[in-house]
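Novice: need coordinates for the following:
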Amino acid sequence: MSYHKYFAAYHPWSLYPCCHPYHSYLCSHPHYHPYCPVCCQPYHLCCCTTKPSMLMPREISVDPGTQEAFIGGAQDVNLTLEYKPVSGATSPGVKITVTDSDGTSEWNVTSIPDGFHVKSDFASVVPGCTVTLETTECMARLRWCELVSC
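Specialist: Numbering: from 1, shown residues only. Okay, here's the model as predicted:
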C-alpha cells in the first residue's frame, strides 16, 4: 500500500462524499484544506458561485427594563422568548414590539404565573426590522439566529 492510499483511507477529509464524478480524484487524495460542501474541492480551488454562510445566534435581555435590537441577516428569523417574573412581583408583564417597513406590531403577556416560561418560534420577522423588548417586574431574553454570508 502506498503512502497516499494509506493516508487517504484514514484521513477524516477523505470521508467527504464526492458530489461530481470528476472530483473523485480530489476527494480520494489527502488535502490540507477544508472542502466546499457543494463542489467537494478545497475552498481555495472552489468553482462554485455560492458563498459560505452560517447562523449567528443573537439575543437581547432585560431585567426589568427595555432594550432594542436590529434584525439582520439574509432571511426571515424566528423569535424565541424566555421569561420569568422577579420574586415578589404583583403584576409582571412582557411586551415585544416589532417595527418594519409595513408598520408596527406588538405581542403582550400580562398574566404571568411564577416560574420560567419559554415561547419558541412564536413570531417570524424580516431582516431590517427592529425589535423592542420591554418588561415590568419580569426578567426576559429574546433570542434568534441570523443567516449571514462570510
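Novice: pLDDT below threshold where in the chain?
Specialist: 1-34, 37-38, 43, 49-52, 150 (pLDDT under 70).
Novice: in it, which spans are strands?
Specialist: 53-62, 66-70, 77-85, 93-100, 103-109, 117-125, 130-136, 138-149 (DSSP state E).
Novice: run a quick neighbour tally on the residue lying closest to residue 73 once chain neighbours are set aside.
Specialist: Excluding the flanking residues, the one nearest residue 73 by CB to CB, 6 or more residues apart in numbering is residue 146, at 3.1 Å. All C-beta spots, glycine's among them, are computed from the backbone N, C-alpha and C. Using other CB atoms under 10 Å, residue 146 has 16 other residues around it.
Novice: residue 73 now?
Specialist: Neighbours around residue 73, by other CB under 10 Å: 19.
Novice: would you mind confirming that it makes contact with residue 129?
Specialist: No. Taking CB atoms under 8 Å as the definition, residue 73 is not a contact partner of residue 129, at 11.0 Å.
Novice: from residue 120, how far off is the residue nearest to residue 73?
Specialist: Here residue 146 is placed at a distance of 17 Å from residue 120 (CB to CB, to the nearest Å).
Novice: likewise for residue 55?
Specialist: Distance from residue 55 to residue 120, by CB to CB: 16 Å.
Novice: tell me who's in contact with residue 126.
Specialist: 71, 76, 100 (CB atoms under 8 Å, 6 or more residues apart in numbering).
Novice: pretty sure the second one contacts residue 123?
Specialist: Yep, that's residue 76 we're talking about. No. Between residue 76 and residue 123 there is no contact under CB under 8 Å: 10.1 Å.
Novice: higher neighbour count, the two?
Specialist: When residue 76 and residue 123 are compared for neighbours, residue 123 comes out ahead with 17 against 13, by other CB under 10 Å.
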